[in-house]
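Novice: Could you look at this predicted model? Sequence included:
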Amino acid sequence: MDFANLGRTGLKVSRICLGCMTFGTKSWRPWVLEEDESRSFIKHALELGITFFDTANVYSLGLSEEILGRAIKDFARREELVIATKVRSEMRKDDPNGAGLSRKAIMTEIDASLKRLGMDYVDLYQIHRWDYGTPIEETMEALHDVVKAGKARYLGASSMYTWQFAKANSVARENGWTPFVSMQPQVNLIYREEEREMLPYCRDAGIGVIPWSPLARGFLAGNRHLQGGDTHRAKTDEFARKLYYQSDDFAVADRLQEVAKARGVPPMQMALAWLLAKPGITAPIIGASKTNHLDDAVAALALKLSEDEVKRLEEPYKPHAVADHV
């Protein structure tokens, strides 16, 4: 396993992060794995040297955190791992304060997440999206207090406009509060809009980048078609249907298949190797539902692409509408 510092911090993370949205209950999403299946994936990730795990309070409405916490307790030493979770999404439909990034919501949700994880702290506490209903000053001060209380070591953010991210960190620094040290955007061969502003900003500011959906929610696996796909997730993933499935997207997936076949490696490895080689990328988040997903992800660390391969992979791309900032 390779390791890298998270941005300019001294925190070292494995260059593959296991995303835990896949673990929880099928009553939340039909493609989610139940706990007995989930534990084997977490154990296998640990055996492969993965020490970085990303979850969120909203994944299976808290059950993902519970499953991860129990598995870590049984299979690993907590202090040797980097555990990240997120706050922002709606947790309680009957509670007007059960979502968002108000001081009340943040203070309630960090305690609830820690209780579910069975931990005294998380290494990285992230805001899941921008909250248009709460002043950013209120959010950043509350997050700073979470860090000062010892409940989180570092702060991060996910999928927002670059001006919002820059504003949040500016507010934090102006007030002597804890800034964000990481960004979790969507970056993959199908969706590359973050290359315009967010990735250059993060490189300039020394902010770690941990992309979600590095395989475009399975689209880059090569088993998608205009009617959807053959897997259970492909048939039920409405988010993917809205974001992908343009004719140009299939051209990118087809090109990936061609380049990977010529190199003699699985398309998944090729797609991850492309992402891992991009300047400023710290650790892609892999949402595994089959053990070979993790094996291929780790194998991608050793796969170095030529300039010609990168050019061919990127050539078919056409701009997309920004679709994941709300």
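Specialist: Done, it's in.

Novice: in the protein, which spans are helices?
Specialist: For the chain, the helices defined by DSSP state H cover 35-47, 63-75, 103-117, 136-148, 162-174, 198-205, 232-236, 238-243, 247-263, 267-276, 291-299, 307-314.

Novice: wait, which of those is closest to Arg29?
Specialist: Counting by CB to CB, Arg29 lies closest to helix 232-236 out of the helices of the chain; the figure is 7.5 Å. C-beta here means a position set from N, CA and C on the backbone, and glycine is covered the same way.

Novice: Confidence-wise, which of the helices of the chain is weakest overall?
Specialist: Sorting the helices of the chain by mean pLDDT places helix 232-236 lowest, at a mean of 50.

Novice: could you check the distance from Val87 over to Met270?
Specialist: As defined by CB to CB, to the nearest Å, Val87 lies at a distance of 34 Å from Met270.

Novice: Sorry, slip of the keys, the one I care about is Tyr59.
Specialist: 28 Å.

Novice: do the same with Thr85
Specialist: 30 Å.

Novice: And these two? Which one has more around it.
Specialist: With neighbours defined as other CB atoms under 10 Å, Thr85 and Met270 compare such that Thr85 has more, 29 against 25.

Novice: Tell me the bridge partners for that one.
Specialist: Here Thr85 sits in beta bridges with Tyr125, going by DSSP bridges.

Novice: Nearest the geometric middle of this structure, what residue?
Specialist: Trp212 (3.4 Å; CA atoms, centre = their mean).

Novice: Ile285 is in contact with that one, correct?
Specialist: Yes. Here Trp212 reaches Ile285: they are 4.9 Å apart, a contact under CB atoms under 8 Å.

Novice: Find residues that contact each of the two.
Specialist: In terms of CB atoms under 8 Å, 6 or more residues apart in numbering, Trp212 and Ile285 are both contacted by the residues 19, 184.

Novice: Next one: the residue lying farthest from the centre of the chain from Lys311, what distance?
Specialist: Relative to the centre of the chain, and counting by CA atoms, centre = their mean, the farthest-placed residue is Ala262 at 29.6 Å. For Ala262, the distance to Lys311 (CB to CB) stands at 14 Å.

Novice: can you check Ala253 too?
Specialist: The value you get for Ala253 to Lys311, if CB to CB is used, is 17 Å.

Novice: what about the two, which has more around it?
Specialist: A side-by-side neighbour count of Ala253 and Lys311, using other CB under 10 Å, places Ala253 first with 23 against 11.

Novice: Now stretch 159-175 - C-alpha only, CSV.
Specialist: What follows is stretch 159-175, C-alpha atoms only, in CSV (Å, rounded to 0.1, in the frame of the first residue of the first chain):
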residue,chain,number,x,y,z
SER,A,159,-18.9,18.8,-3.6
MET,A,160,-19.5,22.6,-3.7
TYR,A,161,-18.5,25.5,-5.9
THR,A,162,-14.9,26.6,-5.6
TRP,A,163,-15.9,30.1,-4.5
GLN,A,164,-17.9,28.6,-1.6
PHE,A,165,-14.9,26.4,-0.5
ALA,A,166,-12.5,29.3,-0.7
LYS,A,167,-15.0,31.5,1.2
ALA,A,168,-15.3,29.0,4.0
ASN,A,169,-11.6,28.7,4.5
SER,A,170,-11.2,32.5,4.3
VAL,A,171,-13.8,32.9,7.0
ALA,A,172,-12.1,30.3,9.2
ARG,A,173,-8.6,31.9,8.8
GLU,A,174,-10.0,35.4,9.4
ASN,A,175,-11.4,34.3,12.7
